[in-house]
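Engineer: Quick one, structure for this:
(one chain, ligands or ions: 2)
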Amino acid sequence: MTFLLKTLRIIKYKLSYRHVRYMSSETFDFNTFVAKNEPMPTYSPGTKERNLLDACVASYECRIRDIPIVIGDEEIRTEGERYQVCPFDHERKVARYYYAPKPVIQKAIDSCLSGRKAWERTPLAKRAEIFLRAADLMSNKYRYDLLATTMLGQGKNIWQAEIDAGAEIIDFLRFDVQFAREITEYKPISPNPEELNSIKYRGCEGFWAAITPFNFTAIGGHLPMAPALMGNVCLWKPSDTALLSNYLVYEIYREAGLPAGVINFVPADGPVFGDTITASPDLAGINFTGSVKTFSHLWKQVGANIETYKSYPRLIGECGGKNMHFVHSSAKIDQVFYGAVQSGFEYGGQKCSALSRMYIPESMWPTVKENLVQFHKQLIVGTPLYGETFMSAVIDEKAFARCMSYLDYARKSPNVSVVAGGRCNDSKGYFIEPTFLETKDPRDKLFQEEIFGPIVTIYVYPDAKYRETAVLASKTSPYALTGALYAEDKSVLDELSEIFEDSAGSFYINDKSTGAVVGQQPFGGSRLSGTNDKAGGPYYLLKFLSPQSIKRRTVPKTTWKHPSMAVNSPGKMEVNKKSFPHVTD
Ligand SMILES: NC(=O)c1ccc[n+]([C@@H]2O[C@H](COP(=O)([O-])OP(=O)(O)OC[C@H]3O[C@@H](n4cnc5c(N)ncnc54)[C@H](O)[C@@H]3O)[C@@H](O)[C@H]2O)c1
Ligand SMILES: N[C@@H](CCC=O)C(=O)O
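Structural biologist: Ligands and ions are numbered 1, 2, ... in the order given. Sure, this is the predicted structure:
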C-alpha cells in the first residue's frame, strides 16, 4: 500500500512538472546573449508552484537514491557504502554513496586528461549552449527536484532552497555564458600591416579539481562548471552532506549534453582526494569553497609539491567569515532587527556571509534587545518541509558539537550573557536554538572565530565612541568576507565605509550581510576569507583561461638589420672582424 501511494505520488509529480518559464537556450546567439536573473516564484500556500513543490518533496518519501562515482560513462561503486541523512531527522537516509580511493581518483584524472583536447577545441559558443540548456532544465523540468533534494539533504526551508538551488545556480550558468563572451571579446591590435595578431582563449593544460562545500547547491554546481565552460576538464569532489542535490546537478549537466569525462563526479574522503590531486603533476588548479583549515592545508600541499607540477597550479579559495553588522545611532531601528534575524539565522547561520557579530550603540540597545527577544519568540525552528519554518537543524553532528561548545563557553564566561536562545537538542535532528549573546569584551573569541551556526554575539558601545569602535571592529577578526553598516547620517556613512574598506569583500549599506545576487553583487572576501575571485562577476572566469598570444607575419622579412644601422648591402651577412678577431677570411 505504501509502495502504491509512493508510486502514485511520483507519477503525479512527474506529469505535472512542466511549468515552463523563460528558456534561454531556445533562441541562443552567443554573440548577443545577455543574461537576466531568474525570477523567483513566491511559493506562498496554495500557489501552483507550492503544490508542485510539496508533491515533489513527497515523491522522495521512503526513497534512498543510489549515487555512484562517475568517471567518463562508467558508474563505479566501491566497498563500504555510506549514507547521507536528513539533518533534521538523522534516522532518515536520503542517499547511498561510495568513496573513491586513490586509484579511482587517479583513473578520474586520466579520464579527464584523455578528453581535454577535444573539449577545449569545442567552440566556446557550443560549450555555452550546453550550460544554457542545463539552466533551462533547472528552471523548468528539475526546479522542484533541485529544491526538494536541497531541503531534504541540506535542511533548507523552501525560500532558502529556492534562493540557492532555484535562482542562484541558474543565474550562475546564464551569467557565466554572458561573462565568457565579454572577457573573450578582447582582440589584440595589428597596427603593422605586415603582421596579424590574435589571441587563442585556451583552457589550462592539465585538470582542475573542484572541491565543494555542503551549504550551497549552487556553489556545488558552479565550481566545476565554470572551469568546464572555459574549456577545462575537471574532477568534482562534492561534500558528503550535499550529495543528493549535487548528483542531480551533475545528471542535469549530462542531460544537457555535457560530454562524458569533461566533469567526473568523484565523492571521496576529503584528505584522500586532496592528497591524490595535489600529488598529480597535471594539476592545473583547485577551485575550492569551504573552511580556512582545509584551504590552507591544500595550499601547503601544493607548495610542498611545487617543483613537481607541469604548470604552477592556480588556487581559488572562498572560505569563511566573521561577518558584522555595525549599527550607528542614526540607523533606522527596524532595519536593524530585520537584518539581524535574517542574516544571523536564515539557514541556521550556515552561510559564509551570515551575521555573527553585531555592534549596537548604547542609546539603541534597550529597544533593539526588546525587539530581538520578541522576534526570537516568533521564529519557528523545526523541519524545513513545513512551510512556516524559519530555520532548521545544522548540517551534522560535527556542526552541532561545534555550536554546542561555543554555547558552553558563553554560559561559563563572566563576560557573556544569553539574550535569547542558547538551547540545543540532537535527539531527532541537529537542532541549535537561534541565539543572541551579549559580550562585554569586543575582542572575545566569539568576535574572532567562525562558528558557522545560528549564534550572533552583540557588543554594546557608547554612542560617542562609534569611530574608535569601528576601527576596533575592522581589525578584530582575521576574516574579511561580508559586513553591513547601518546609518542614515551621510558623513558617518562615508567615514565608516572608509574604515571598513579592508574588512569586507562584500559590503552592504543599510542592508543585511547575506544574499548576494549573481551579476548584481559579485561575491568574495580577502584576508582569511579567501582569494576574492568574485564568483557571479566576469573576472572570476579569467582564472580558468590560459590564453595563447599568436603573431603571424604576413609579409616576409627582407633584411636582418636594425633600422638604426647604416643601410649598405641590406640583408647580406657580414662578420665583424673587430668583435671576432680570430675569424679569418
Ligand atoms: N566564501 C564563500 O564563498 C563560501 C561559500 C560557502 C561556504 N564557505 C565556507 O565553507 C565552510 C563550510 O563548508 P564545509 O563545512 O563543507 O567546509 P570544509 O572545509 O569542511 O569542506 C569543504 C570541502 O572540502 C573537502 N575536504 C575536507 N578536507 C579536505 C582535504 N584535506 N583535502 C581536500 N578536500 C577536503 C570536504 O570534503 C568538502 O567537500 C565555512 O567555513 C563557510 O564559511 C565559504
Ligand atoms: N553568496 C551567499 C553566501 C555563500 C556562502 O555560503 C550570500 O551572499 O549570502
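
Engineer: Near ligand 1, which residues of the stretch 451-585 of the chain are found?
Structural biologist: Residues of the stretch 451-585 of the chain that fall close to ligand 1, judged by C-beta under 6 Å from any ligand atom: 452, 481, 523, 529, 530. Any C-beta I mention is one placed from the backbone N, CA and C, and that applies to glycine too.

Engineer: Show me the two of those residues that sit farthest apart.
Structural biologist: The span of those, defined through C-beta to C-beta, is set by 452 and 523 at 16.9 Å.

Engineer: biggest strand in this protein, by residue count?
Structural biologist: Longest strand of the chain, by residue count under DSSP state E: strand 89-97.

Engineer: In it, which residues are buried?
Structural biologist: Counting neighbours by 16 or more other C-beta atoms under 10 Å, one finds that the buried residues in strand 89-97 are 89, 90, 92, 94, 95, 96, 97.

Engineer: Let's have these in JSON lines, adding pLDDT and distance to residue 229.
Structural biologist: Formatted as JSON lines, the buried residues of strand 89-97 follow (pLDDT from 0 to 100; distance: C-beta to C-beta, whole Å):
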{"residue": "89", "pLDDT": "98", "distance to residue 229": "37"}
{"residue": "90", "pLDDT": "98", "distance to residue 229": "37"}
{"residue": "92", "pLDDT": "98", "distance to residue 229": "36"}
{"residue": "94", "pLDDT": "98", "distance to residue 229": "29"}
{"residue": "95", "pLDDT": "98", "distance to residue 229": "27"}
{"residue": "96", "pLDDT": "98", "distance to residue 229": "31"}
{"residue": "97", "pLDDT": "98", "distance to residue 229": "26"}
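
Engineer: Columns distance to residue 121 on top of these, output as CSV?
Structural biologist: Formatted as CSV, the buried residues of strand 89-97 follow (distance: C-beta to C-beta, whole Å):
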residue, distance to residue 121
89, 48
90, 47
92, 46
94, 39
95, 36
96, 38
97, 33
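
Engineer: Run through the residues you listed and flag the ones next to ligand 1.
Structural biologist: Among these, not one lies near ligand 1 by C-beta under 6 Å from any ligand atom.

Engineer: quick one, domains of this protein?
Structural biologist: Structurally, the chain divides into domains by automatic domain parsing as follows: 2-319+538-544, 323-527.

Engineer: Between those, which one is closest to residue 568.
Structural biologist: Going by C-beta to C-beta, the one of the domains of the chain nearest residue 568 is domain 2-319+538-544, 23.1 Å.

Engineer: what about the closest one and ligand 2, touching?
Structural biologist: Yes. Looking at domain 2-319+538-544 against ligand 2 by C-beta under 6 Å from any ligand atom, the contacts come from 215, 216.

Engineer: Which single residue of the stretch 351-500 of the chain approaches ligand 1 most closely?
Structural biologist: Relative to ligand 1, the nearest point of the stretch 351-500 of the chain is residue 352 (3.1 Å; C-beta to the nearest ligand atom).

Engineer: What helix or strand is that residue located in?
Structural biologist: Under DSSP states H and E, no helix or strand contains residue 352.

Engineer: from memory it sits against residue 343, does it?
Structural biologist: No. Using C-beta atoms under 8 Å, residue 352 is not in contact with residue 343, being 11.7 Å away.

Engineer: Would you mind listing what in this structure touches ligand 1?
Structural biologist: 211-216, 219, 237, 239, 270-271, 273-274, 289-291, 294, 297-298, 318-321, 352, 450, 452, 481, 523, 529-530.

Engineer: which of these count as buried?
Structural biologist: Burial of the residues of the chain next to ligand 1 was assessed by neighbour count (16+ other C-beta under 10 Å); the buried members are 211-216, 219, 237, 239, 270, 273-274, 289-291, 294, 298, 318-321, 352, 450, 452, 481, 523, 529-530.

Engineer: Can you show me the helices along the stretch 251-400 of the chain?
Structural biologist: Assigned by DSSP state H, counting those that start in this stretch, the stretch 251-400 of the chain shows helices spanning 270-278, 292-304, 333-345, 365-378, 397-412.

Engineer: Same list, the ones you listed, but as a markdown table with mean pLDDT please.
Structural biologist: Below are the helices of the stretch 251-400 of the chain laid out as a markdown table (pLDDT from 0 to 100):
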| stretch | mean pLDDT |
| --- | --- |
| helix 270-278 | 98 |
| helix 292-304 | 98 |
| helix 333-345 | 98 |
| helix 365-378 | 97 |
| helix 397-412 | 98 |
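
Engineer: Dump these to JSON lines, plus distance to residue 180.
Structural biologist: Formatted as JSON lines, these follow (distance: least, C-beta to C-beta, whole Å):
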{"stretch": "helix 270-278", "distance to residue 180": "25"}
{"stretch": "helix 292-304", "distance to residue 180": "26"}
{"stretch": "helix 333-345", "distance to residue 180": "32"}
{"stretch": "helix 365-378", "distance to residue 180": "43"}
{"stretch": "helix 397-412", "distance to residue 180": "36"}
